[in-house]
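Q: I would like to see how this sequence folds:
(2 chains)
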Amino acid sequence: DTEVTQTPKHLVMGMTNKKSLKCEQHMGHRAMYWYKQKAKKPPELMFVYSYEKLSINESVPSRFSPECPNSSLLNLHLHALQPEDSALYLCASSQDGTRQYFGPGTRLTVT
Amino acid sequence: QKEVEQNSGPLSVPEGAIASLNCTYSDRGSQSFFWYRQYSGKSPELIMFIYSNGDKEDGRFTAQLNKASQYVSLLIRDSQPSDSATYLCAVAHNTDKLIFGTGTRLQVFP
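A: Prediction:
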């Protein structure tokens, strides 16, 4: 079973709003990831948590704030986003760090 | 800069034919190679991975790796319209960091 779940499926937010994206995996994987994907582009890595600790931050603006409450959950807190932040946000998990399994994504629109 | 290159396509093949998708990478030290399938509006799905030179087969899919030429390919036999998607090649640069190619769009027509 390689299931990663994400909520919500769709999110529309204004530039002054605060919202959160949620991700959950029950495969016991030690690493969880946030990616951003724009149309017709490959996924871009944002953050990596390994054993619940932030291990990689790809110089992401501070309006994106990740959180890993436990080994199964990963959140992405959003605040004061810009319209260009509209994208598909993907969560993934992996045990070995290379075979990464993606969730269905959250389609974010910033108005 | 570590790079992974793919032809963006579209690659159009008739139903029942073999689709051949190719990928080259720049980091000679890369060890792990992946193919993801992504349907329009959906998330990437891992369909094949290969670590050693040669061929690896899984059902209708065959991944081929040639580290000397820094080349990895995906063959899809008996292509079906349901195989129409974008195929992303990914190379593990370090643990936890995949470098993705820009993807090849495959169209299988009846």
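Q: can you list the residues of chain A near chain B?
A: For chain A, the residues in contact with chain B (CB under 8 Å from any CB of the partner chain) are A:2, A:31, A:33, A:41-43, A:45, A:48, A:50, A:55-56, A:88, A:90, A:94, A:96-105. Placement of C-beta: from N, CA and C, glycine included.
Q: residue contacts, the nearest residue to residue B:46 once chain neighbours are set aside?
A: Closest residue to residue B:46 apart from its sequence neighbours, by CB to CB, 6 or more residues apart in numbering or on different chains: residue B:36 at 5.6 Å. The contact partners of residue B:36, by CB atoms under 8 Å, 6 or more residues apart in numbering or on different chains, come to A:102, B:44, B:45, B:46, B:47, B:87, B:88, B:90, B:100.
Q: residue A:8 too?
A: A:21, A:106.
Q: I'd like the distance between it and chain B.
A: Taking CB to the nearest CB, to the nearest Å as the measure, residue A:8 falls 14 Å from chain B.
Q: what bridges to residue 12?
A: Unless you meant another one, I'm taking chain A. residue A:109 (DSSP bridges).
Q: um, chain B though
A: residue B:107.
Q: next up, phi/psi of residue A:85, please.
A: The phi/psi pair for residue A:85 (degrees, to the nearest 10) reads phi -80, psi -10.
Q: what of residue B:82?
A: phi -70, psi -10.
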